[in-house]
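> A structural model of the following input is requested.
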Amino acid sequence: MDENKWIKPGKFIVLLSVCLLLLYPLRHICYGAEFTDTGYSLGNYRFYEHMDGMWVFATYLANALGAFFMRLPFGQYMMGMNVYTGLVVGVTALSAWYFMTYKVKVPALLSLFGEILALSLCWCPTSILYNYLTYLFFTLGMIFLYLGLTCGGEGDILRTDKKSRICLVMAGVFLGANVLVRFPNLSEAALILAVWYACLHGKLKVRDYITSTLWCILGYVVAVGLTLGGIVVTYGLDAYITGIQDLFAMQADAPDYTLYSMVLTVLLDYKTSSRWLFLFLFLAVLCGCIGQLLKHVSIGKRTLFGTKRTVAEVFPVCFGTVLSFLAALGLYKLWVFNVRYYTLESMFQWVAVFLLISIVSLTINWLRPGARGRDKVLSFMLLILIGVTPLGSNNHLYPNMNNMFLVYPYVLWLLLRFVRYLYKKHADVGFNTVLTCFLLIMTIQVLGFGFVFVFRDGMSGQKRDTRITGNPTLTGMITNERNAKAIATLTEFIETENLEDKKVLLYGQIPALSYYLDLEPAISTSWPDLRSYSYEKMAKEMELLGDSDCLILFGAGLQGYLEGDEEAMKDGDVRPETYEDDPKLNLLTNRIETYNYKIVFRNDRFVLYGRNQ
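Down below sits the predicted model:
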């Protein structure tokens, strides 16, 4: 078969890829009505003008895009917002598919398969745009950078013609804009190393190093400058500087956001997962040794059942398959993973090991003497992507798993080529077998996870089988029966008592209720529980509230802590030490006592306080 004809996708494959990659991220648009991150982000878009200044500026473009989506048709509904934000994810996957298929020449179906796996791993709610807009701009920035460094993907060295310069400027634009999507995206500037590496590989002059760098910097500065200009005109320079200063000061209250902590947690994850990588590597070596041994004994040269396959060829395959699945069964018994696909643990270790395999494969391809220049450049860029993606987050390796759009198709292609090479050379079939089994099991876990998992909505195994009624924002949304009833009864009380125009203070890990009930937060955040929101800031904003008549809404677990109800705390997953000596909670309880608040509504999820006037 002609390899070029095999790579080139037909019209049906193109149409299938476009439809799948745009529609697959929408598979869960009617789910996700949980009480924390999902609705918190949507509430930030809804009450954009009243947000904490630090987060307005640290995630400016993401908030602006979310606020824009809110103004589109059906943007007032959570399901509508899930469609719009899901399409951002779909566009990211489609961009990566187009790039891998038409520029890198990865086979179209393999590229599509890789993107489906990447989309299946998107555990984070699509409503959190500062993540997914980051991945979109990061992906586009890398694509343009690669095209600028490799003559549009056709050459091996940097070419300083007009098209390459435009691509380098566009790469700078997307990477610069990404800083205004999420401030920690500053780390993506590490991609400038890829520019210098391409110049080094192409044995270019110092002048080319400088000019190529300056073209990237030009795009970067233009994007940052234009966006910052808009912020300064809208909010003022002092407000922006104060917001960024608050962001850096946040590390004192949230030490897990320090660079040291973020890097350490990632390295510890890799250290843990490396054990399982070495396990499968041991199995591959064992099968390979047995295969080599059989080639030199008489029984290994016998053919099987009248075929041309010898015992030395077939036995390592069978033995490797059995050993791989026995190893997987052992890991399952040891709780290294599970098949409860509504949990993150079902896929984490398998994907962490794949990330380790990716790092090894990309490093080998980067350093391999016979590799093409453009393959070396792309491998180097992907290593940078894997390295910088977790920075700015305290979520361990999970950000990497959310951003596999370029990694999955390319690394799978590298592995496929390696397997085909070994097969053609009649080399270590045992190694091929173990690697294939690993990839098969990983695929099953990732696809199962992708079809079932919804962030914090049914993660304990609850059935999502009840449509939420009586709440306009959540029209058409489905969750478990208990949560649906709790939201419906609270919404009914708010409407019956004509409390829709009140502002609200929320505490007890329930920030999403501000968005669901369409109640503006009385302070600059709906999630004051977060350590990134300091006590000093909350105390100042509470003082400014004075005797204003706002509602106070607690999670039922927090109320259980205040009342000494251990059953309610257990039900609400609240540990007493969380709120012991909590100065923020003291601010709220002092307000309840000072202004004569009383419980006006409660159910098994929420407790609402109102002024007794």
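
> what's the spacing between residue 24 and residue 119?
In this structure, residue 24 and residue 119 are 5 Å apart, going by Cβ to Cβ, to the nearest Å. Yep, even glycine has a C-beta here, placed from its N, CA and C like the rest.

> equivalent analysis for residue 281, please.
Distance from residue 281 to residue 119, by Cβ to Cβ: 29 Å.

> just want to know which of those two has more residues nearby.
Set residue 281 next to residue 119 and count neighbours by other Cβ atoms under 10 Å: residue 119 wins out with 23 against 17.

> now for the more buried one: which residues touch it?
Counting by Cβ atoms under 8 Å, 6 or more residues apart in numbering, residue 119 makes contact with 21, 24-25, 89-90, 93, 450.

> now do residue 592
Here residue 592 is in contact with 552, 609 (Cβ under 8 Å, 6+ apart).

> any idea of the mean pLDDT in the secondary structure element (helix or strand) that it belongs to?
In this assignment (DSSP states H and E), residue 592 forms part of helix 583-594. In this model, helix 583-594 carries a mean pLDDT of 95.

> same check on stretch 231-243?
Per-residue scores along stretch 231-243 average to 81.

> list the buried ones in it?
231, 235, 240, 243 (16 or more other Cβ atoms under 10 Å).

> per-residue pLDDT, residue 305?
Per the predicted model, pLDDT is 60 at residue 305.

> scratch that, residue 192 is what I was asking about
Looking at residue 192, the pLDDT reads 94.

> contacts only, for the most centrally placed residue in the chain.
When Cα atoms, centre = their mean is applied to the chain, the residue found nearest the centroid is residue 402 (2.9 Å). Listed by Cβ under 8 Å, 6+ apart, the contact partners of residue 402 are 121-124, 131, 135.

> next: residue 280.
Contacts of residue 280 by Cβ under 8 Å, 6+ apart are 324, 327, 353, 434-435, 438.

> how about it, secondary structure?
Of the three states, residue 280 takes helix according to DSSP: H, G, I helix; E, B strand; the rest coil.

> and it, how close does it get to residue 429?
From residue 280 to residue 429 the distance is 16 Å (Cβ to Cβ).

> same question, residue 110
Taking Cβ to Cβ, one finds residue 110 at 21 Å from residue 429.

> so for those two, which sits in the more crowded spot?
residue 429 (21 against 18).

> quick one, strands of this structure?
466-467, 478-479, 504-507, 551-555, 597-602, 606-611 (DSSP state E).

> which residues touch the last one?
It stands for strand 606-611. Contacts for strand 606-611 (Cβ under 8 Å, 6+ apart): 486, 490, 493, 499, 510, 513, 549, 551-556, 558-559, 592, 595-602.

> returning to what we had before: quick check: angle from the helix holding residue 592 to strand 606-611?
Using axes from the mean of the first three to the mean of the last three Cα atoms, to 10 degrees, the direction of helix 583-594 lies 50 degrees away from that of strand 606-611.

> could you pull out the helices for the stretch 401-550 of the chain?
Using DSSP state H, counting those that start in this stretch, the helices found in the stretch 401-550 of the chain span residues 407-424, 429-452, 481-496, 512-516, 535-545.

> distance from the first one to the middle of the chain?
By that I understand helix 407-424. 25 Å (Cα atoms, centre = their mean, to the nearest Å).

> tell me the average confidence for it?
For helix 407-424, the per-residue pLDDT averages 89.

> so which bits of that helix are buried?
Those would be 407-415, 418-419, 422, for helix 407-424 by 16+ other Cβ under 10 Å.

> now, the buried residues of stretch 231-243 that are in helices?
231, 235, 240, 243 (DSSP state H).

> residues contacting residue 538?
523, 528, 584, 587.

> looking at the first one now. What's its pLDDT?
You'll see residue 523 listed with a pLDDT of 94.

> okay, now the unreliable bits of this protein?
1-7, 52-53, 152-160, 249-257, 294-312, 425-428, 613 (pLDDT under 70).

> hmm, 80 instead?
For the chain, applying pLDDT under 80 flags the ranges 1-7, 49-55, 151-161, 202-204, 239-240, 242-260, 288, 290-316, 422-430, 612-613.

> beta-bridge partners for the closest residue to residue 493 other than its chain neighbours, please?
With sequence-adjacent residues excluded and distances taken as Cβ to Cβ, 6 or more residues apart in numbering, residue 493 is closest to residue 601, at 4.7 Å. In this entry, residue 601 is beta-bridged to residue 608, by DSSP bridges.

> run a quick neighbour tally on residue 601.
Neighbours of residue 601 (other Cβ under 10 Å): 19.

> for residue 194, same thing?
Neighbour number of residue 194 under other Cβ under 10 Å is 23.

> so it sits against residue 144, correct?
No - using Cβ atoms under 8 Å, residue 194 makes no contact with residue 144, being 11.8 Å away.

> who's in contact with residue 134?
Contacts of residue 134 by Cβ under 8 Å, 6+ apart are 62, 178, 181-182, 185.

> mind putting the buried residues of stretch 231-243 into CSV with distance to residue 215?
Formatted as CSV, the buried residues of stretch 231-243 follow (distance: Cβ to Cβ, whole Å):
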residue, distance to residue 215
231, 25
235, 31
240, 27
243, 31
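
> picking that back up, nearest to residue 374, out of the strands of the chain?
For the strands of the chain, proximity to residue 374 was assessed by Cβ to Cβ; strand 478-479 is nearest, at 46.7 Å.

> how far is the closest one from where the chain is centred?
On Cα atoms, centre = their mean, the centre of strand 478-479 falls 23 Å from the chain's centre.

> kindly report the same for stretch 22-35.
15 Å.

> switch to numbering from 28
Okay, residue one is now 28; in that scheme the one you just asked about reads as stretch 49-62.

> got JSON lines for the helices of the stretch 428-577 of the chain, with distance to residue 111 too?
Output for the helices of the stretch 428-577 of the chain, formatted as JSON lines (distance: least, Cβ to Cβ, whole Å):
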{"stretch": "helix 434-451", "distance to residue 111": "25"}
{"stretch": "helix 456-479", "distance to residue 111": "20"}
{"stretch": "helix 508-523", "distance to residue 111": "22"}
{"stretch": "helix 539-543", "distance to residue 111": "15"}
{"stretch": "helix 562-572", "distance to residue 111": "31"}
